[in-house]
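Asker: Mind folding the following:
(chains A, B and C)
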Amino acid sequence: MADDLTIIGKSLTKPDAYAKVSGQTKFADDLAPPRMVYGRILRSPHPHARILSVDTSRARALPGVLAVITGDDLPVKFGILPVSQDEEALAREKVRYVGDPIAAVAATDEWIADEALELIEVQVKTLPAFMSIPDAIAGGNEPIHGQSNVHKAVALEFGDTEEAIQAAAYSREDLVFFEGNTHLPMEQHAAVAQYGADGKLTLWTSSQTPHYVHRALGKVLELPMSRIRVIATPNGGGFGGKSDIFSHELVAAKLAIVTGRPVKITLTREEVFYAHRGRHPVLMKVRTGFSKEGRITGMQFQSFLDGGGYGSYGVATTYYTGALQATTYAIPRYRFEGVRLFTNKPPCGPKRGHGTPQPRFALEIHLDKAAEALGLDPVEIRRRNLVRPDSRTVNWLRITSCGLDDCINKVVEGSRFLERRRAMPSGRGLGFAVSSYLTGAGTAIYWNDMPHSEVQLKLDRNGGVALLCGAIDIGQGSDHILAAIVAEVLGVELEDIQLTTADTDLTPIDLGSYSSRVTFMAGNAAKAAAESVRQRLLQSAAMALHCDPEDLVARGRRIFRRTRPEDGLSVAQAVQLVEAEQGVVTGTGSYTPPRLAGPYKGSGVGPSPAYSYSAAVVEVDCDPRTGEVRVPEVWIAHDIGRAINPVLVEGQVEGSVYMALGEALMEEQSFRLGLHKFPSLLEYKSPTALEAPVMHTYLVETIDREGPFGAKEAGQGPLLPVIPAVANAVYNALGVRIDEIPITPDKVLKALHDKGKRVGPKSVPAFGFPPLIKSDVPEEWRGK
Amino acid sequence: MSIADKVAVRLRVNGEDMAVMVLPYKTLLEVLREDLGLTGTKHGCELGECSTCGVLVDGKPYLSCLAMPLDLEGRDIVTVEGMARGSDPHPLQVAFAELGAAQCGYCTPAMLLTAMALLDRNPNPSRQAIKDALSGVLCRCTGYVKIFEAVELAASRGAAGG
Amino acid sequence: MAATNPGSAFIAGGTDLVPNLKRRQFDVSALISLNGLGDTAVVDGDADGGLTIGAGATLDELARHPALDGAFQALAQACDQVSTPQVRCMGTLGGNLLVDPRCNYYNQTHAWRKAVGFCMKRDGDICLVARSSPRCWAVSSSDSAPVTVALDARVTLQGVEGTRRIAAAELYKDDGIDYTNKRREEVITSVQLPASDLRVTSAYWKLRRRPSFDFPILGVAIALAWDNGRIRAARGALGAVGSRPVEITSYLEPLRGQHPDDDLIARVADAADKPSRPLDNTDLNHYWRKRMTRVYIERALRDACGLEPLAGRLSAQVGNDRPR
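Answerer: Numbering: from 1, shown residues only, chains lettered A, B, ... in the order given. Next up is the predicted model:
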């Protein structure tokens, strides 16, 4: 089949490329409807306080101010997860972090709006703030929400881990900390709202999840969803940071309704740090038993998540810190305990890898240490524990394709890891790690029986194809994936496809650009839609050509006989035949993932129709006098299933490596005196072109049986192994263990002078996890 | 300030002379985007910390968010809209499109213009010279690799002066 | 103009001033552009007879200028490492010498400073990094300033009362707010690098997290005058460890009359970090920055002596080894 493909598998230019290189792409902030005014949001200067009163009268009196609203104007609570409806567009009773929205202004220009914010008088009673995991656990008189700062605590066990570890030939325990960091898309979030005289609201927003924004607008504004149209504009980078529902989206909409004028709110860079929803800081304890051959006998994993002021995706994140350990390694007995705490910081949420880079970091360091103790090399200990294709994990996750073995071979051979690591020059080191990731969450945020992705096609008499889908391109190339799949199936060219995406009035549902789901799910929907139309084209063509439809091929804008290629007609002619006979030529396709959740409470997070796999070798160059770490070269292999467009996949892999190196070496959300230490692009350190390493990218194709043309995902998985590979490389270079990120030069120097040659957490706080939910293990694991 | 405080400023943008009434405290970024409709220049941090708003002034990379229009009268300003010749994209634009060097596309205009300034000075830059030249424009999507490769591809096709 | 407009400020490149204005760190009623002052030569003279550099020269021009290839290379190294290519194309030498001292309690938006409580540098009355301090500890964050001090440059200031020329070291005051002896209505018009009968070498080493964008969190400028392979005179200054460039010339005294070797340089560097007193108000840990001072003094000294600066060790600061 592969040889027959003309578009899939080719590094073609994506459909939105020329708009982007010409500056013609319209991002949300580029929109300016006639009569537009500007909205700005007043944010809390207190990490934790009770609001006593908000007086907007002076702001309202300022010339140029058209409206001022407060929490009382938008009293309905919302949240991305049905279980965490704990946010308000503008805080009413309490503020929970510096940056929490309190009031908003619409004015004729931004300077006036800013001035008006200064005139709003807010009386508060400040409360003690909880700024760390131990603070939050210790609690105080007034928790951040409800009765306790514990947002979510989970405890699951699959088989008797204690017995398995006790009986093991070798066991060890490690404590690891992963500092929080943020997405930092280059585009600040922006939204433009317009309320028409017909009573219809339109919101253009740089959102990864227009469908959920649509739902939230309906709920909070108390308007029927049929009167609301959400159009996601191309995102100037997302990385998970635009996949929540944000205050400014709801506020812009409300201000548009109040003023009758289009309202734009563009967050400042500082505000983006407060909007956040980024990587949770996670403190972890991992304990594993090994046979003397290095095979894992059982594992216990604990995670403590610093969640920030609101729930966001946090319940899912908590489960994710425990879900994918067993999709990488065959773990016969597994226990996971996790707790997410509310703290008085901007809310954390999903960032590239959602909840899995932190445990991956812990696990891959832990395995490196175990390998050394067992006298195995770092590659061998992984090879002895790999999951197998077409298997099931002890926590009931179904594995289909798995190219991890191949990925390992590629990077180990490419970097000559095993030969070179024992003979690196002074200060140089090599580190290795592997990982796995989801190809879309198997369960939707709102549990129902409906599809996760839908695509609609309408064919033109001239052979053009209108493709409608709710998916939004955030730079990852989803527009290309949809167009390429439909063009391939219908036998037309890429430029014949006209895309309309992410417009809730026009496009059928796609749940959003998160959890690496778009290629797999929207791709499968696109394929199904195209196949349904092709079937009809082939039938009509077969009648005209007096042959069997089975004998026909669609390619190069023609439909022709496989055996006699000169015998055929154009796709346009085929469309005309169908249209003449049946009317407008349309087709739809949907994708619903198989039901994969295991038989236990909490099994909804982790299942995915397929898992991607990655392996990385990182080379570091360390300065032992300063502790500085530079990364000159990275080898990364990724099991993509199939590369629908190799150049776009490479771009996702390289971008993941880049983001991982930033997290490993410099990026951190740190707080001081109750607020973000440096909410700016200068002081939040994002790597520059000068720090870009040489990257060797290997794509491994496993042709997943359920993926569209066998494809899986590339947007998130390749980030995962890189961070621990950096830490393992620093150990190889200098003999020190930095068991927390970012690995900054002061920590490296401290470790070099430390007796234990280590910097990292020394304990976890005392916390009473709930009683373990003891699940059965799948049949194949019984007795093992 | 009020409308009455607007001042006339004459700018030469993409080879066209333009006269526009602006509030004198508006930056070049704001005037380009809001008064001249040139939204290809992107709005970044507004503090000179990302260079997303980069343009060329007399062929050199400049930050439009920190440049005051009144100070730029008589200077030659080029934005991404000025790169193409008619409908023909600049070879750098073609190379960026072909190699996937524009993912989200938000840093792309500044990246392209900075690369164009480099190629005009150094038609066959080394990888290190490309890294140096682009070191002021942050990109969060690509890891920069495809961008370096696209500049090299454009250079190999003789993009300088194009 | 400045004399008659009390709320005015001069603007050249604007790369330091405009962000500060946007963050409302000062109020300005008018900006007076220095860019129309005509084309004074960027660089005049040579290393033997002394160089005069126009204050309006951009950092980019100076980073590449052939006249700064030899004795005065430290100035080119410093200009080349300021921020980004964009900022170097806009920013001027005069502007860089007068970079407003920085502090990560101060270089923040108005809303942030309001949330944390205003500091004495603007709107408040305490220093947030040293709460009992009567003075402001904002950090001199210029790359060129310590170089001009090490090179014993003269700075020409022009104001309504006429023109005066002062030593670069005299330009600065040890205070994060009131940091310069330049009068408000004065403008730096040029910088003179002195002539020397002797062979002069110089070097500037900059510590920062990233090789682009970042201000120095430590800068070391060294200038050496040589006589027959022996050091006749040594001058040095540190950047970003105080509110003004901190001279370390007296600590370099043991180099005088010596053929410098690894051991001597290391010993001198170990002692010369004494006046470095970084506080917790820039990027990275200040104890670490203090420890780095002697390492960077050693590297800058070695560089100025023509020795391999890293003594065989590779640095993570990729910015320092790129070709100019």
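
Asker: how's chain B carved up into domains?
Answerer: Residue ranges of the domains in chain B are recorded as B:3-82, B:91-156, according to automatic domain parsing.

Asker: Output the ones you listed in a markdown table, with mean pLDDT, distance to chain C and mean neighbour count appended to each entry.
Answerer: Glycine gets a C-beta too; all of them are placed from N, C-alpha and C. Rendered in a markdown table, the data for the domains of chain B read as follows (pLDDT from 0 to 100; distance: least, Cβ to the nearest Cβ, whole Å; neighbours: other Cβ atoms under 10 Å in any protein chain shown):
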| stretch | mean pLDDT | distance to chain C | mean neighbour count |
| --- | --- | --- | --- |
| domain B:3-82 | 95 | 4 | 21 |
| domain B:91-156 | 98 | 3 | 25 |
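
Asker: Adding distance to residue C:28, write those domains out as CSV.
Answerer: As requested, the domains of chain B are exported to CSV (distance: least, Cβ to Cβ, whole Å):
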stretch, distance to residue C:28
domain B:3-82, 9
domain B:91-156, 26
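
Asker: tell me the pLDDT at the residue of chain A positioned farthest from its centre?
Answerer: The outermost residue of chain A, judged against the average C-alpha position, is residue A:546 (50.4 Å), by Cα atoms, centre = their mean. pLDDT, the model's per-residue confidence, is 96 for residue A:546.

Asker: Could I get the full set of strands for the stretch 551-700 of chain A?
Answerer: Taking DSSP state E, counting those that start in this stretch, the strands of the stretch 551-700 of chain A run over residues A:552-555, A:558-561, A:568-570, A:585-591, A:611-622, A:629-641, A:671-672, A:675-676, A:694-701.

Asker: and the fourth one, what's its mean pLDDT?
Answerer: This means strand A:585-591. Mean pLDDT, strand A:585-591: 98.

Asker: Ok, the second one next?
Answerer: In this model, strand A:558-561 carries a mean pLDDT of 97.

Asker: and of the strands of the stretch 551-700 of chain A, who's closest to chain B?
Answerer: With Cβ to the nearest Cβ as the criterion, chain B lies closest to strand A:694-701 of the strands of the stretch 551-700 of chain A, at 5.5 Å.

Asker: count of residues packed around residue A:446?
Answerer: By the other Cβ atoms under 10 Å in any protein chain shown criterion, the neighbourhood of residue A:446 contains 12 residues.

Asker: list the contacts for it?
Answerer: Listed by Cβ atoms under 8 Å, 6 or more residues apart in numbering or on different chains, the contact set of residue A:446 reads A:82, A:215.

Asker: can you tell me the helix or strand for it?
Answerer: Assigned by DSSP states H and E, residue A:446 belongs to no helix or strand.

Asker: Let me see the contact set for residue 151.
Answerer: Looking at chain A here, since you left the chain open. Shown in contact with residue A:151 (Cβ under 8 Å, 6+ apart): A:84, A:145, A:307, A:311, A:314-315, A:318, A:340-342.

Asker: ah, no, chain C please
Answerer: When the contact criterion is Cβ under 8 Å, 6+ apart, the partners of residue C:151 are C:72, C:74-75, C:168, C:193-194, C:202, C:221, C:223, C:235.

Asker: So which of these sit within helices?
Answerer: Within those, residues falling in helices by DSSP state H are C:74-75.

Asker: And the chain, split by domain according to the record?
Answerer: Going with chain A. A:2-24+A:450-591, A:31-127+A:186-237+A:242-275, A:155-182+A:278-442+A:599-774.

Asker: meant chain C actually
Answerer: Following automatic domain parsing, one gets these domains for chain C: C:41-193, C:199-313.

Asker: Adding mean pLDDT, write those out as CSV.
Answerer: As requested, these are exported to CSV (pLDDT from 0 to 100):
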stretch, mean pLDDT
domain C:41-193, 95
domain C:199-313, 95
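
Asker: Quick one: list the elements packing against the longest helix seen in chain B.
Answerer: If each helix of chain B is counted by residues according to DSSP H, the longest one is helix B:108-121. Secondary-structure packing of helix B:108-121 (3 or more Cβ pairs under 8 Å, 6 or more residues apart in numbering or on different chains; DSSP states H and E): helix A:17-21, strand B:54-57, strand B:60-63, helix B:91-98, helix B:127-134, helix B:145-156.

Asker: so how far is chain A from the one residue in the stretch 51-200 of chain C that gets nearest to chain B?
Answerer: Per Cβ to the nearest Cβ, residue C:84 is where the stretch 51-200 of chain C lies closest to chain B, at 2.8 Å. Using Cβ to the nearest Cβ, to the nearest Å, residue C:84 is found at 8 Å from chain A.

Asker: for residue C:224, same thing?
Answerer: For residue C:224, the distance to chain A (Cβ to the nearest Cβ) stands at 22 Å.

Asker: Could you pull up the residues touching the nearest residue to residue A:53 once chain neighbours are set aside?
Answerer: In space, not counting the residues next to it along the chain, residue A:53 is nearest to residue A:123; the distance is 4.5 Å by Cβ to Cβ, 6 or more residues apart in numbering or on different chains. Under the criterion of Cβ under 8 Å, 6+ apart, the contact partners of residue A:123 comprise A:51-55.

Asker: Now do the SS call for residue A:123.
Answerer: Following DSSP: H, G, I helix; E, B strand; the rest coil, residue A:123 is assigned to strand.

Asker: That one and chain B: what is the separation?
Answerer: In this structure, residue A:123 lies at 32 Å from chain B, with Cβ to the nearest Cβ as the measure.

Asker: ok, back up a step: minimum distance to residue B:72: which of the domains of chain A has it?
Answerer: For the domains of chain A, the distance to residue B:72 is smallest for domain A:2-24+A:450-591, at 19.5 Å, taking Cβ to Cβ.

Asker: hmm, stretch C:89-96 in reach of chain B?
Answerer: Yes. For stretch C:89-96, a contact with chain B is found by Cβ under 8 Å from any Cβ of the partner chain, at C:89-90.
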